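Undergrad: Got a predicted model here, sequence first, then my questions.
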Amino acid sequence: MRAKSSTEVRQFVARQPEGEPFFPTELLLYGTRASIDQALSRLTSNGVIERVARGVYVKPRRGRIVNRAPPSPVTVARTSARARGIPVTTPGAQVLVEYDLSTQTPVTAVLSAG
């Protein structure tokens, strides 16, 4: 693996917000898929990032009560759709909750593709 691609991957991960999932395909401009996978594997082994699903990584979010809080399934689904170029919309009631305009939380989260 080129040292340059490994450094670029580390810099990309350092810029990621805590708790925001990302995919290896977002890093392909830094090197080959094999070198990206190797760099991600090393970062995972060192505890810098976590693998939350196949091909989905996240920089752990530190909570006040829990040391590491995983991203919500909705956040992972949105990131997955973005990586695949699928437009995702959120129903109005859920948008109100996300922007703290309502306290009435929907029972289930719904995402619509298309």
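TA: Received, thanks.
Undergrad: and residue 49, how far is that from residue 12?
TA: 10 Å (C-beta to C-beta, to the nearest Å). Yep, even glycine has a C-beta here, placed from its N, CA and C like the rest.
Undergrad: ugh, wrong one, residue 57
TA: Residue 57 is 11 Å from residue 12, by C-beta to C-beta.
Undergrad: Settle it for me: which of the two has more neighbours?
TA: Applying other C-beta atoms under 10 Å to residue 57 and residue 12 shows that residue 57 carries more neighbours, namely 21 against 16.
Undergrad: Can you tell me the element the more buried one falls in?
TA: strand 56-58 (DSSP states H and E).
Undergrad: Would you mind pulling the contact partners of that strand?
TA: 16, 19-24, 40, 44, 49-52, 70-71, 76, 79-80 (C-beta atoms under 8 Å, 6 or more residues apart in numbering).
Undergrad: if we go to 7 Å?
TA: Contact with strand 56-58 is made by 19-23, 40, 49-52, 71, 76, 80, as judged by C-beta atoms under 7 Å, 6 or more residues apart in numbering.
Undergrad: All the strands of the chain, in order from the start?
TA: All strands of the chain, identified by DSSP state E, fall at 50-53, 56-58, 88-89, 112-113.
Undergrad: which one of those strands is the most hemmed in?
TA: strand 56-58 (a mean of 21; mean count of other C-beta atoms under 10 Å).
Undergrad: Quick one: distance of it to the chain centre.
TA: In terms of C-alpha atoms, centre = their mean, to the nearest Å, the centre of strand 56-58 is set 5 Å apart from its chain centre.
Undergrad: Of all residues in the chain, which one is nearest the centre?
TA: Taking C-alpha atoms, centre = their mean, the centroid of the chain lies closest to residue 21, which sits 0.4 Å from it.
Undergrad: Just the pLDDT for residue 1.
TA: What the model reports as pLDDT for residue 1 is 44.
Undergrad: Ok, residue 72 next?
TA: pLDDT at residue 72 comes out at 75.
Undergrad: how many neighbours does it have?
TA: 12.
Undergrad: What of the one 3 residues further on?
TA: Other residues within reach of residue 75 by the criterion other C-beta under 10 Å amount to 16.
Undergrad: same thing with residue 62?
TA: For residue 62, using other C-beta under 10 Å, the count is 11.
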